[in-house]
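> take a look and give me a structure for this.
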Amino acid sequence: MNAVPLPTTTLPSRAAAPARLRVLVVDDEPSMRMLIRRLVERDFDVDVAEADDGLSALDRILTEQVDLMLLDLSMRVIDGIETLECIRRSRTFAHLPVIVLTGQADEDRVRRAMLLGVRDVLAKPFTADALRERVSRMLRDHVDAPDAAEAAGPEVALSDRMLVVDADPEFRAMAARHFGRICAVETFDNEFAALARCLASPAEYLLIGSTSELTSTEGFARKVRKAADLGSVKLIAAVPASEVDAVRAQHLFDAVLVRSLRGFAFERSLRRAFGEETLARLVLHPESTCIHVCFDVIQAGLKQLFGRAIDAYDAPPRPMARTQWVVATAEIGIGQAAWEVRLRCPMAAALEIAAASLHTETDVLAEARMMSAVGRLVSTHAQQVRTALLERGLTSQPGLSCVNVLGALGALPDVTETLGARRWYLTPRDGIITIEIAPVPDGLR
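Next up is the predicted model:
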């Protein structure tokens, strides 16, 4: 088995962001540092620090607050890749947002940087608008990220029971569909039927959406809080987006969600409502909107690689012949959970991938170069999945721990029992690539 090792990281708790953020610019060219400093200070209310090589940068992050690093890859003493490797080995700084600055000839370095969890790439020479857009996105993500106290929501166990109250059958069905993935769910069209059920057999969670005209969400919650037999029930409110902050400020509910029939808006509101493990099980699910978005991102990446449209299927487009298969996997850790992005492709498709990524002919590709190219592709997919998950509400940044390329395995083993989501893609030469996003079984971690 060939392995592309990456630093294994854990997820540190994130402290609340200070009033002013600090950007560290790392480049061995004084004129470039000065240009970036002036542009960033002009467009953002942040402090800017400078370092002229990787050694100085590492010294600064150990002694000063750094919220975002702009890192040149080509430097003396310690270059950008070596600096990144040191940062990612640290538990404290493993998830520091980094934008790499690169010249047109740094393609190999960029690939290595992406394996080390770089959030964005800015090619030199760049425009002021391009710099502003990337820095703005990174700082916005930093400000939007919940702090440690805010992220410590309740964790839902598989053995728990949740009662969902809402007058709208469509919302009840959507809530049941989401929470039914992680616990037992019962639905009710009015609050009084739910209260009677809860008194007869107390549940761990009570989700209150729209109530009847006889009471309000807050009024019903107070009735439940006063019931002596229901002291351990955790209350979840589902209210319009415009009311979320006000309801949360009442400190009456254990969690507050957006009451929306749009799956994306509902899933995003889970971000501040539950703990990391529950959130990972809710969002990283085959039927979640987030997973479908991840597959769309992967499809776009394949299209860019091959230079033409790639057809996607939710089931095999045709019977898969017995052939030699290449399998590559990348593991993404979220809290204590581990998920895997897995790529399976016939040897012919693997050669096509390598030829497209290495810009060479298939008949001159050695097996080692082919395996390396496939490994880079699955690493890129994992990075895209990680970014898509972050953009859709995970409480902390997942870590990309390692990439394994398993090589030629003969006939494709039975994959019908794989947990998670799977999609098949038809490549230009009629080869089938299978992408899976699935939890890693505890026994295999």
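> from now on I want contacts and neighbour counts done on CA atoms only, so please keep to that.
Fine.
> quote the end-to-end distance of stretch 309-324.
With C-alpha to C-alpha, to the nearest Å as the measure, stretch 309-324 spans 25 Å from end to end.
> show me which residues of stretch 357-371 are buried.
By 16 or more other C-alpha atoms under 10 Å, the buried positions in stretch 357-371 come out as 357, 362, 370, 371.
> ok, which pair from those is furthest apart?
Maximum pairwise distance in those, criterion C-alpha to C-alpha, is 12.9 Å, between 362 and 371.
> which neighbours do these two share?
With contacts defined as C-alpha atoms under 8 Å, 6 or more residues apart in numbering, the residues shared by residue 362 and residue 371 are residue 354.
> per-residue pLDDT of residue 102, please?
Reading off the per-residue confidence, residue 102 sits at a pLDDT of 84.
> give me phi/psi at it?
Backbone torsions of residue 102, given as degrees, to the nearest 10, read phi -140, psi 150.
> quick one on the thing from earlier: from the buried residues of stretch 357-371, which shows the smallest pLDDT?
Of all those, the one the model is least sure of by pLDDT is residue 362, with 76.
> I'd guessed that residue sits against residue 349; true?
No: checked against C-alpha atoms under 8 Å, the pair residue 362 and residue 349 is beyond contact range at 10.5 Å.
> what pairs with the helix or strand encompassing residue 163, parallel or antiparallel?
Assigned by DSSP states H and E, residue 163 belongs to strand 161-165. For strand 161-165, the paired strands and their directions (DSSP bridges) are strand 184-188 (parallel), strand 205-208 (parallel).
> residues in contact with the very next helix or strand once past that strand?
Next along the chain after strand 161-165, taking DSSP H and E as the criterion, comes helix 169-179. Where contact means C-alpha under 8 Å, 6+ apart, the residues beyond helix 169-179 that reach it are 164-166, 185-189, 259-261, 263, 282, 288.
> would you mark the buried spots in helix 169-179?
For helix 169-179, a neighbour-count test (16+ other C-alpha under 10 Å) marks 171, 172, 174, 175, 176, 178, 179 as buried.
> quick check, nearest of those to residue 44?
residue 178 (38.9 Å).
> hang on, residue 376 packs against residue 111?
Yes: at 7.4 Å, residue 376 counts as touching residue 111 under the criterion of C-alpha under 8 Å.
> what's the local residue count around residue 194?
With neighbours defined by other C-alpha atoms under 10 Å, the count for residue 194 comes to 21.
> what's the closest non-adjacent residue to it?
When the adjacent residues along the chain are set aside, residue 194 lies closest to residue 188, with 5.9 Å between them (C-alpha to C-alpha, 6 or more residues apart in numbering).
> partner strands of the helix or strand where residue 25 lies and their direction?
Taking DSSP H and E as the definition, residue 25 sits inside strand 22-26. Taking DSSP bridges as the criterion, strand 22-26 pairs within the sheet with strand 47-51 (parallel), strand 68-72 (parallel).
> which residues touch the last one?
Translated: strand 68-72. With C-alpha under 8 Å, 6+ apart as the contact definition, strand 68-72 has outside contacts at 22-28, 79-80, 96-102, 138-139.
> the first one too?
Residues outside strand 47-51 that contact it (C-alpha under 8 Å, 6+ apart) are 20-28, 33, 37, 40-41, 57, 60.
> how about a cut-off of 10 Å?
For strand 47-51, the external contacting residues (C-alpha atoms under 10 Å, 6 or more residues apart in numbering) are 20-30, 33-34, 36-38, 40-41, 56-60, 64-71.
> please check the residues you listed and keep the buried ones.
Applying a neighbour-count criterion of 16+ other C-alpha under 10 Å, the buried members of these are 21-28, 33, 36-37, 40, 57-58, 60, 66-71.
> okay, now the domains of the chain?
With automatic domain parsing as the criterion, the domains of the chain are listed as 18-144, 153-274, 304-444.
> surely residue 159 is within a helix?
No: using DSSP: H, G, I helix; E, B strand; the rest coil, the secondary structure at residue 159 is coil, not a helix.
> residues near it, how many?
For residue 159, the tally of surrounding residues (other C-alpha under 10 Å) stands at 9.
> residue contacts, it?
Residues near residue 159 by C-alpha under 10 Å, 6+ apart: 182, 183, 184, 204.
> any quick PyMOL command for the buried ones out of those residues?
Selection of the buried residues among the contacts of residue 159 in PyMOL, burial being defined by 16+ other C-alpha under 10 Å:
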select buried, resi 182+184+204
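> verify the contact between residue 20 and residue 45 for me.
Yes: applying C-alpha atoms under 10 Å as the test, residue 20 and residue 45 come out as touching, 7.0 Å apart.
> may I have the beta-bridge partners of residue 328?
Going by DSSP bridges, residue 328 is paired in beta bridges with residue 343, residue 405.
> next up, the contacts around it.
Taking C-alpha under 10 Å, 6+ apart, we find residue 328 in contact with 2-3, 341-345, 371-372, 374-379, 403-407, 435.
> buried subset of those as a ChimeraX selection?
Paste this into ChimeraX to select the buried members of the contacts of residue 328, with burial taken from 16+ other C-alpha under 10 Å:
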select :341,342,343,344,345,371,372,374,375,376,377,378,379,403,404,405,406,407,435
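> if we can go back for a sec, what residues does the next helix or strand after the strand holding residue 25 touch?
Going down the chain from strand 22-26, the next helix or strand is helix 30-43, by DSSP H and E. Helix 30-43 is touched from outside by 23-27, 46-52, 70, 72, 128-129, 131-132, 135-136, with contacts defined as C-alpha under 10 Å, 6+ apart.
> all helices of the stretch 301-445 of the chain, in order?
In the stretch 301-445 of the chain, helices defined by DSSP state H, counting those that start in this stretch lie at 347-358, 367-391, listed in chain order.
> reformat those into JSON lines and put distance to residue 425 next to each item.
Converted to JSON lines, the helices of the stretch 301-445 of the chain look like this (distance: least, C-alpha to C-alpha, whole Å):
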{"stretch": "helix 347-358", "distance to residue 425": "11"}
{"stretch": "helix 367-391", "distance to residue 425": "14"}
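> between the ones you listed, which one is closest to residue 245.
In this view, those are compared for proximity to residue 245 by C-alpha to C-alpha, and helix 367-391 is the closest at 20.5 Å.
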